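Chemist: Fold the stuff below for me.
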Amino acid sequence: MYAHSSRILHLETNPYSGRALIQRHGNRELWVNQAPIPLSTEEMDYVFGLPYARVPHPMYGKAKIPAYDMIKTSVNIMRGCFGGCSFCSITEHEGRIIQNRSKESILNELEEIRDKVPGFTGTISDLGGPTANMYRLGCNDPKAEANCRRPSCVFPGICNKLNTDHKHTIDLYREARKVKGIKKVMIASGVRYDLAIESPEYVRELVTHHVGGYLKIAPEHTEKGPLDLMMKPGMGTYDRFKEMFEKYSEEAGKKQYLIPYFISAHPGTEDEDMLNLALWLKKNNFECDQVQNFYPSPMCNATSMYYSETNPLKRVKYKRREEVPVAKGERQRRLHKALLRYHDPDNWKMIREALINMGKKHLIGDKPHCLVPEEDIDSQTPAQRRKSGRHGANRFATKHTKGQPGFGALRQGGNKQGGNKQGSKHQGDGKPGANKNGARKPNQSSGSQGQKTQGNRSQGQTGRPQGNNSRPQGNNGKTQSQGGNRKPKRR
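Modeler: This next block holds a predicted model:
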């Protein structure tokens, strides 16, 4: 019932032809109004032209407000979104039809920011909205627009009635850069790249003048199954945008980078899908510091997928429905998030266990195609990392490993009796050439800089150490019974 009602709600979002919904609850009825008529450009200009103070309420005093710092120099140029992504409820909040401000209204707000915002430096942090590049885009056929029931104008493909000409956005960007006192105009809103590739001139304008080194875009996933349930385009579209972005960045003489956003544990995503995404990230040298783990939020189609495990994008019948796999358990959700952060050593143990259970043990190791190493590097000694020396496969402790994690218990009691502290300078660190008690052989040179000694050394000499106190303690690799260093305990 929940999946069916969610489907009906999203099919009735057209403000011109959508119907009111009634649902009975006991002896009462729940009434859902029709979607409101979109605001005209004149009405949008009136709302945004009101005399806003553009500073926090005086009750906050001098308190630092992060939300204010983020938006104090940004300008909202439109409302609404026709993307229809399953995990987003912007369409339900602001409408599917784009409501635009006039260019004059937007330029006036830029001047107000310049004059009213304390500490303004000349940089506009954003010129966008729910999506950066839907300004003045919409249906070419008013009759079709008034009767359309599609939840998205761009999925599974861009509607042939949709106007994708970005000329109004390009003109707005150019006029904004001419405003006196405005030094830089950034675009921080997410770019809908499947629309952007329809207008190469827009991509050139964006890349040349409005990217500050990094541009955020949201492919959300790499696999077709999850992308279809998200109502997002395939990775082929991302690849075409990436080519254009790199081409125009090179022409502008700039080194700029795309920052892709991904979602883990979205309904319809299985372990295999997340593994393929992680392999794609590694292949393309991406390491995600911040990732988004899906959580159900009100009015989203993905929320009804999560709770009902049913696909509401297709017709739902009592005995016939398309089931959707959902990552609900804490362990599986943690695993999906861990795969997005495959490079974090804290996640390697969980990923290794999952790969073994999935029959993907060949992805564990040090080879280029492997996702995670076989052992945690941080828990290994230098010799173990090199896989060299007698102790290459076992943990051991010397004086030089005092600061390494995990060796506290091994060192307890190591120096309880008096020993020759000077001689302990020569205890080995697991490198080849160490004798049985861990000291380097006396006659062995350690390189052009010579062997580290406690005594004096002849200037420029790189061979055997000089001085009475420089000889390592021990007798031909045997531990001295008195006066020498005690052999470290091993477990």
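
Chemist: show me what contacts the closest residue to Thr131 other than its chain neighbours?
Modeler: Take Thr131 and drop its neighbours on the chain: the residue closest to it by C-beta to C-beta, 6 or more residues apart in numbering is Arg192, 5.0 Å away. To be clear about C-beta, it is placed using only N, CA and C from the backbone, and glycine gets the same treatment. By C-beta atoms under 8 Å, 6 or more residues apart in numbering, the contact set of Arg192 is 83, 131-134, 154.

Chemist: Which member of the residues you listed is positioned nearest Arg333?
Modeler: The closest of the contacts of Arg192 to Arg333 turns out to be Gly83 (C-beta to C-beta; 25.3 Å).

Chemist: Surely that closest one is in a helix?
Modeler: No - note on Gly83: no helix contains this position according to DSSP: H, G, I helix; E, B strand; the rest coil, which reports coil.

Chemist: Contact partners for it?
Modeler: Applying C-beta under 8 Å, 6+ apart, the residues near Gly83 are 90-91, 131, 152-155, 192, 231.

Chemist: at 7 Å what do you get?
Modeler: With contacts defined as C-beta atoms under 7 Å, 6 or more residues apart in numbering, Gly83 is in contact with 131, 152, 154, 192.

Chemist: Give me the below-cutoff pLDDT ranges for the stretch 301-450 of the chain.
Modeler: Low-confidence segments of the stretch 301-450 of the chain (pLDDT under 70): 376-450.

Chemist: let's go with 90 and repeat that
Modeler: When residues are selected by pLDDT under 90, those of the stretch 301-450 of the chain lie in 315-321, 366, 374-450.

Chemist: hmm, back to that, what's the pLDDT at the residue nearest to Thr131?
Modeler: According to the model's per-residue confidence, Arg192 sits at a pLDDT of 96.

Chemist: what's the answer for Glu92, then?
Modeler: Confidence per residue is given as pLDDT, and for Glu92 that number is 89.

Chemist: which ones are touching it?
Modeler: With the criterion set at C-beta under 7 Å, 6+ apart, Glu92 makes contact with 13, 299.

Chemist: For the helix or strand hosting it, buried residues please.
Modeler: Taking DSSP states H and E as the criterion, Glu92 maps to helix 90-94. Residues of helix 90-94 classed as buried under the neighbour-count rule (16 or more other C-beta atoms under 10 Å) are 90-92, 94.

Chemist: that older thread, backbone dihedrals for the residue nearest to Thr131, both of them.
Modeler: phi -80, psi 100 (degrees, to the nearest 10).

Chemist: Give me the phi and psi for Val117.
Modeler: Dihedral angles phi and psi of Val117 (degrees, to the nearest 10) take the values phi -80, psi 120.

Chemist: ok, back up a step: from the contacts of Gly83, which single one is nearest Met59?
Modeler: Set against Met59, the nearest of these by C-beta to C-beta is Thr131 (33.8 Å).

Chemist: the strands in this structure, which residues?
Modeler: For the chain, the strands defined by DSSP state E occupy 21-25, 28-32, 74-76, 78-79, 99-100, 123-124, 126-128, 138-139, 162-163, 184-185, 214-220, 257-264, 292-293.

Chemist: So in that sheet, which strands flank the fourth one, and in what orientation?
Modeler: Sheet pairing for strand 78-79, assigned by DSSP bridges, gives strand 99-100 (antiparallel).

Chemist: got the contact list for the strand it pairs with?
Modeler: Contacts of strand 99-100 with the rest of the structure, by C-beta under 7 Å, 6+ apart, involve 38-39, 41, 44, 78-80, 135-136.

Chemist: tell me the contacts of Ile364?
Modeler: Contact criterion C-beta under 7 Å, 6+ apart gives 352, 355, 370, 372, 374 as the residues in contact with Ile364.

Chemist: go again using 6 Å as the cut-off
Modeler: Contacts here follow C-beta atoms under 6 Å, 6 or more residues apart in numbering; on that basis Ile364 touches 352, 355, 372, 374.

Chemist: which among these end up buried?
Modeler: Neighbour counting over the contacts of Ile364 (16+ other C-beta under 10 Å) leaves 352, 355, 372 as the buried ones.

Chemist: Just the ones in helices from these, please.
Modeler: Using DSSP state H, 352, 355 are the members of the buried ones among the contacts of Ile364 that sit in helices.

Chemist: Make TSV out of the buried ones among the contacts of Ile364 and add distance to Arg114.
Modeler: As requested, these are exported to TSV (distance: C-beta to C-beta, whole Å):
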residue	distance to Arg114
Arg352	55
Leu355	55
Val372	51
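
Chemist: ok, so of the buried ones among the contacts of Ile364, who is nearest Arg24?
Modeler: Each of the buried ones among the contacts of Ile364 was scored against Arg24 by C-beta to C-beta, and Leu355 proved nearest at 50.3 Å.

Chemist: That closest one touches Gly365, doesn't it?
Modeler: No - when contacts are counted by C-beta atoms under 6 Å, Leu355 is not listed as touching Gly365 (10.4 Å).

Chemist: send the alpha carbons of stretch 201-211 over as PDB?
Modeler: Taking only C-alpha atoms (Å, rounded to 0.1, in the frame of the first residue of the first chain), the coordinates of stretch 201-211 have been written out as PDB:
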ATOM      1  CA  GLU A 201      29.200  26.600 -25.100                       C
ATOM      2  CA  TYR A 202      27.900  26.500 -21.600                       C
ATOM      3  CA  VAL A 203      30.500  24.000 -20.500                       C
ATOM      4  CA  ARG A 204      33.200  26.200 -22.000                       C
ATOM      5  CA  GLU A 205      31.900  29.300 -20.200                       C
ATOM      6  CA  LEU A 206      31.600  27.500 -16.900                       C
ATOM      7  CA  VAL A 207      35.000  25.900 -17.000                       C
ATOM      8  CA  THR A 208      36.800  29.000 -18.200                       C
ATOM      9  CA  HIS A 209      35.400  31.600 -15.700                       C
ATOM     10  CA  HIS A 210      33.400  30.000 -12.900                       C
ATOM     11  CA  VAL A 211      35.300  27.000 -11.500                       C
END
